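**Q** Here's my sequence, what's the structure:
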Amino acid sequence: MSKLFIKTFGCQMNEYDSSKMADVLKASHGYEVTSDPEAADLLLFNTCSVREKAQEKVFSELGKWKEWKEAKPGRVIGVGGCVASQEGEALAKRARIVDLVFGPQTLHRLPQLLEQTRSTHRPAVDIRFPEIEKFDNLPEPRAEGPSAFVSIMEGCSKYCTFCIVPYTRGEEMSRPLDDVLAEVSSLLDQGVREITLLGQNVNAYRGAMAGDGGTCDLALLIHILARFDTLGRIRFTTSHPAEFSDSLIEAYAEPKLASGVHLPVQSGSDRILGMMKRGYTQAQYLDKIRRLRQARPDLALSSDFIIGFPSETEEDFEQTMAMIEEARVDAAYSFIYSARPGTPAANLRDNISLEVKQQRLERLQTRIRQIGDEYARSLIGTTQKVLVEKTARNPGQLSGKTPCNRPLNFDGPASLIGQFVNIQVAEVLTNSLRGRLLGSAE
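**A** Alright, predicted model coming up:
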């Protein structure tokens, strides 16, 4: 049996893509996934170009793989994802051990690329952006537990000045509504109880509807999915504030929609937001949060922040801190700005010292942790509907997530995995909650 090893960097979208790579290669060549890279016949590196020095990290990792290739010359090495899309043939020329280079939109062509490199003994490269072809050529969805990701759209058409994603994943493309519903139905038949809808800008979803020629937006999709009896919870990520519509805010009245939202703001300064080409102001962002909290009072809010964008002043940063206070951001992905080659912002003079950036980042992260701790403590004594996902590290305990996406552990039998239960929150730990089982929530 041929063995496949996949190393994944980046977002949930990359995790989803990696699972599809495994599905494609199992269906075409019978590959079985292994966690041991030295035992693998095919090694794939699914890359992300969002973080600092992404290309250098890829080549550094490939340097470690070189000895595995030398130990077994017939072993095939492939690089996919956003760095592969960005680098193309240059990647294979720089790293001679690479046999396959493929982008996020061409992972379904892995079987053909594999045969091509085996027959020609040359690297096979395909980083095009075919429209809907990827989803049309993937195997039937395969559930690996009670929760699952469903990609409903790909790409980004916002072209924020700091972001490389539109250039590596292409422009926004939505899957037809019927295709999404078919995938969800298949997963539910396999025992899935919770679905997370994925997209670079998932709230830009505009899926074609059969029959009348209309389109379905994310809010309507949520309402349609809520009608599936066995689907107990719906999540989605990641959203763009400029397209967080009134109808999507109103959708938070739907009980099956989880009470957490991830809404990246990047900065609280209108001047910096304008330079980033984000398409909204601080006041507009805060208004959406205010109305979201009216629709769902128990809302948990996570966001993204870029610290030290070129020319960011202390006043700009203080506006970000003030926005965090007003919005009550309780979790965040926050990073020091670093230029991405090929983006408009890369041409700006990075005139802020690393020391100042680090100080600002520490202040921001400290305050968000404090707000997060306050939010977590507010859950003590409340009853949370939890989907039991797996056994916990501690013997006899199970693990799941609250509607606001907080990990929660409790004592209970393994027979509860895959079911919704009511848990009374009893304790806040460093990275999770602990609670007491009250009974079934079915």
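**Q** and the helix or strand that L286 is a member of, average pLDDT?
**A** Per DSSP states H and E: L286 is located in helix 282-295. The average pLDDT within helix 282-295 is 97.
**Q** swap in stretch 215-225?
**A** What stretch 215-225 shows for mean pLDDT is 98.
**Q** which outside residues touch that stretch?
**A** 152, 174, 177, 180-181, 184, 195, 197, 202-203, 205-209, 231, 234, 236, 245, 247-248, 250-251, 254, 256-257 (CB atoms under 8 Å, 6 or more residues apart in numbering). To be clear about C-beta, it is placed using only N, CA and C from the backbone, and glycine gets the same treatment.
**Q** For I234, give the beta-bridge partners.
**A** Counting by DSSP bridges, I234 is bridged to I195, L257.
**Q** isn't it right up against A258?
**A** Yes: applying CB atoms under 8 Å, one finds I234 in contact with A258, separated by 6.7 Å.
**Q** Over to the residue lying closest to K69 once chain neighbours are set aside. Which of the three states is it?
**A** The spatially closest residue to K69, leaving aside those adjacent along the chain, is I97, at 4.5 Å (CB to CB, 6 or more residues apart in numbering). Following DSSP: H, G, I helix; E, B strand; the rest coil, the label given to I97 is coil.
**Q** What separation do you get for I97 and L91?
**A** Between I97 and L91 the distance is 11 Å, computed by CB to CB, to the nearest Å.
**Q** list the contacts for K66?
**A** I97.
**Q** where does it land on pLDDT?
**A** In this prediction K66 is given a pLDDT of 90.
**Q** give me the element it is part of.
**A** Using DSSP H and E, K66 sits in helix 54-71.
**Q** hmm, who's touching the next helix or strand after the helix holding L286?
**A** Next in sequence after helix 282-295, counting helices and strands by DSSP H and E, comes strand 300-307. With CB under 8 Å, 6+ apart as the test, strand 300-307 has contacts from 162, 259-267, 276, 289, 292, 317, 320, 327-337, 357, 360-361, 364, 375, 404-406.
**Q** pLDDT (mean, whole number) over the helix or strand that strand 300-307 is followed by?
**A** For strand 300-307, the following helix or strand on the C-terminal side (DSSP H and E) is helix 314-327. Across helix 314-327, pLDDT averages out at 98.
**Q** How far off centre is whichever helix or strand comes after helix 314-327?
**A** Toward the C-terminus, helix 314-327 is succeeded by strand 331-336 as the next helix or strand (DSSP H and E). How far strand 331-336 lies from its chain's middle: 14 Å, per CA atoms, centre = their mean, to the nearest Å.
**Q** May I see the buried residues of strand 331-336?
**A** For strand 331-336, the neighbour count (16 or more other CB atoms under 10 Å) marks 331-332, 334-336 as buried.
**Q** Just the strands from the stretch 51-200 of the chain, written as ranges.
**A** For the stretch 51-200 of the chain, the strands defined by DSSP state E, counting those that start in this stretch cover 76-80, 100-102, 124-126, 147-151, 153-154, 173-174, 194-198.
**Q** Which elements pack onto the first one?
**A** In terms of contacts (3 or more CB pairs under 8 Å, 6 or more residues apart in numbering; DSSP states H and E), strand 76-80 is packed against strand 42-47, helix 54-71, strand 100-102, helix 110-120.
**Q** Please list the residues outside the top helix by length along the chain that contact it.
**A** In the chain, with assignment by DSSP state H, the single longest helix is helix 354-378. Taking contacts as CB under 8 Å, 6+ apart, the residues outside helix 354-378 that touch it are 300, 305, 307-308, 317, 320-321, 324-325, 328-332, 334-337, 404, 406, 428, 433.
**Q** What's the PyMOL syntax to select whichever of those residues are buried?
**A** The following PyMOL line selects those of those that are buried, judged by 16+ other CB under 10 Å:
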select buried, resi 300+305+307+308+317+320+324+328+329+330+331+332+334+335+336+337+404+406+428+433
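**Q** which residues does the nearest residue to Q116 once chain neighbours are set aside bridge with?
**A** Nearest residue to Q116, sequence neighbours excluded (CB to CB, 6+ apart): A124, at 4.1 Å. According to DSSP bridges, the residues that bridge with A124 are L100.
**Q** show me the contacts for A124.
**A** Residues near A124 by CB under 8 Å, 6+ apart: 99-101, 113-114, 116-117.
**Q** ok, 10 Å please
**A** For A124, the contacting residues are 76, 78, 92, 98-102, 109-110, 112-118, by CB atoms under 10 Å, 6 or more residues apart in numbering.
**Q** R122 too?
**A** 92, 99, 116.
**Q** Including distance to Q370, could these go into CSV?
**A** Formatted as CSV, the contacts of R122 follow (distance: CB to CB, whole Å):
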residue, distance to Q370
A92, 47
D99, 49
Q116, 54
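**Q** And the residues you listed, which of them are buried?
**A** Buried subset of the contacts of R122 (neighbour count, 16+ other CB under 10 Å): 92, 99, 116.
**Q** Retrieve the pLDDT associated with the last one.
**A** The predicted structure scores Q116 at 95 on the pLDDT scale.
**Q** so it sits right up against F102, yeah?
**A** No: applying CB atoms under 10 Å, one finds Q116 not in contact with F102, separated by 11.1 Å.
**Q** got the angle between the helix holding K66 and strand 42-47?
**A** With axes from the mean of the first three to the mean of the last three CA atoms, to 10 degrees as the basis, helix 54-71 and strand 42-47 are set at 170 degrees to each other.
**Q** how about helix 54-71: buried residues?
**A** Across helix 54-71, burial judged by 16+ other CB under 10 Å covers 54-55, 57-58, 62, 65, 68-69.
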